[in-house]
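[1] Have a look at this prediction, sequence included:
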Amino acid sequence: MNEKNIYPFPGRGVVKIGGARGNCLLPLISDLASRVKNGEKWILVHGASGYMEELSSICGLEPHYVQSPGGFRSRFTGKLEKELFVYACNALSVRIMSLFSSVGLNAGLLYPEENPTAVAKRKDVLKIVENGRKKLLRGNYSGTVISFDTSPVERLWEKGVLPVLPPLALDVESGEGINVDGDRLAAASAIHLGAQVMVILSNVSGLLKDPEDPGTLIKKAGLSDWEELEKYASGNMKRKLLASYEALKGGTPVVRICDSRTAYPLSGGLEGGGTELCQ
């Protein structure tokens, strides 16, 4: 792939690429590597849902999806699911590191049990809605980020290395890595690192008024428009919008939700592609 004539990005940025099927990893590797080689400071957060689905299928483990009272859909993470998810994260992280190496960029994996950045509190009990009734589901092994240590990221940046974060965090009680939402992990990273932009790459072109019509893309909106924006977010986009809100409220000036399937997903997003959300 030929390098694009990219404009320099001053400051720090966080880019998150989804792990679901349909996302394109290779274009981001080339695009991001070019920008880091030009002296920019980025951190890459990745998802792992696609790898998790493959592993679950191989193991004959039927996924258990639940919905929160707020309408957020997620996969229940029991003890076995947690172990599989950690394995899925490791497998994808290794692939990402290898791909960056192939284009001449050093990337450093920040695994929570060895180089902890995010610390999370495990949510053992989930409040869910099933058949129209609210229930409590116990034995969950996912969590919510409660703090973020920037020093491991800073050390890698000083060496010219790209930090890579899987969607895992150090459980504050057990000291083990547990599943956290990748979009919200990216938001926590952006807030604590003082990033000038957070870019969320997905398998859609951005936030659409009609998910079936790319022509309904919302190109730009701000915090004052949030109540209206929430009407258009469904499925996985609800969590991306929540993460965007958290980042903006936490001080990140701009969040962009863009398409990972383009030739230059990061640079294209910075130059006006996708949906721009600002304070």
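    Cool, got the structure.
[2] Trp42 reaches Ile17, doesn't it?
    No. Using C-beta atoms under 8 Å, Trp42 is not in contact with Ile17; the gap is 11.8 Å. In short, each C-beta sits where N, CA and C put it, glycine included.
[3] The two: which is more packed in?
    Per other C-beta atoms under 10 Å, whichever of Trp42 and Ile17 has more neighbours is Ile17, with 27 against 20.
[4] Work out for me the element the residue lying closest to that one once chain neighbours are set aside sits within.
    Distances taken as C-beta to C-beta, 6 or more residues apart in numbering put Leu201 closest to Ile17, at 4.5 Å, once the chain neighbours are dropped. Leu201 belongs to strand 197-202 when assigned by DSSP states H and E.
[5] Let me see the mean pLDDT of that strand.
    Averaged across strand 197-202, the pLDDT comes to 96.
[6] what comes into contact with it?
    Strand 197-202 is contacted by residues 9, 11, 13-18, 20, 23, 28, 183, 186-187, 190, 236-237, 240, 243-244, 247, 252-260, 265-266, 269-270 when judged by C-beta atoms under 8 Å, 6 or more residues apart in numbering.
[7] In helices, which of those residues appear?
    28, 183, 186-187, 190, 236-237, 240, 243-244, 247, 265-266, 269-270 (DSSP state H).
[8] For the residue nearest to Ile218 when sequence neighbours are not counted, grab the count of nearby residues.
    Using C-beta to C-beta, 6+ apart and skipping the chain neighbours, the partner closest in space to Ile218 is Leu207 (4.8 Å). Residues within reach of Leu207, counting by other C-beta under 10 Å, total 24.
[9] From the ones in helices among the contacts of strand 197-202, which one has the minimum pLDDT?
    Per-residue pLDDT puts Asn236 lowest of those, at 88.
[10] Now do the buried residues in the lengthiest helix in the chain.
    Across the chain, the longest stretch assigned as helix under DSSP H is helix 79-102. Applying a neighbour-count criterion of 16 or more other C-beta atoms under 10 Å, one finds 81-82, 84-86, 88-93, 96-97, 99-100 buried in helix 79-102.
[11] same for it, what does it pack against?
    helix 26-37, strand 41-46, helix 49-59, strand 107-109, strand 162-165, strand 177-179 (3 or more C-beta pairs under 8 Å, 6 or more residues apart in numbering; DSSP states H and E).
[12] Only alpha carbons, please: show the longest one as CSV.
    If I follow you right, that is helix 26-37. Written as CSV, here are the backbone C-alpha positions of helix 26-37 (Å, rounded to 0.1, in the frame of the first residue of the first chain):
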residue,chain,number,x,y,z
LEU,A,26,-4.6,-4.3,7.8
PRO,A,27,-5.3,-0.8,6.5
LEU,A,28,-5.1,0.6,10.0
ILE,A,29,-1.7,-1.1,10.6
SER,A,30,-0.2,0.7,7.5
ASP,A,31,-1.9,4.0,8.2
LEU,A,32,-1.0,4.1,11.9
ALA,A,33,2.5,3.0,11.3
SER,A,34,3.1,5.8,8.9
ARG,A,35,1.9,8.4,11.4
VAL,A,36,3.9,7.0,14.3
LYS,A,37,7.0,7.0,12.1
